[in-house]
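[1] predicted coordinates and the sequence they were generated for:
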Amino acid sequence: MNRRDLLKKDKKKLNKRYKQLIEQSYNLRHTDHEASDVSAFKAIKVLDKLNKLHYLVS
């Protein structure tokens, strides 16, 4: 695999993780606000990494 393929693979994995964290944050919103905020924060960190990868892949 070349570098571009590895970056695309990482991007796909991060995108999946981002969606999981956002869904988890949404589901926890009504029961555990603190855990919801933590999940949202983690999702923002993953989104930042995704944006950096998007710059490299494109």
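    Arrived safely.

[2] element containing the spatially most central residue of the chain?
    With distances taken as CA atoms, centre = their mean, Tyr18 lies nearest the centre of the chain, 2.5 Å away. Tyr18 is part of helix 3-28 when elements are defined by DSSP states H and E.

[3] can you tell me which helices and strands that helix packs against?
    On a contact count with 3 or more CB pairs under 8 Å, 6 or more residues apart in numbering; DSSP states H and E, helix 3-28 meets helix 33-57. C-beta here means a position set from N, CA and C on the backbone, and glycine is covered the same way.

[4] and the helix it packs on, which residues are buried?
    The neighbour-count check on helix 33-57 (16 or more other CB atoms under 10 Å) flags 36, 39-40, 42-43, 46-47, 50, 53 as buried.

[5] now do stretch 9-21
    For stretch 9-21, the neighbour count (16+ other CB under 10 Å) marks 11, 14, 17-18, 21 as buried.
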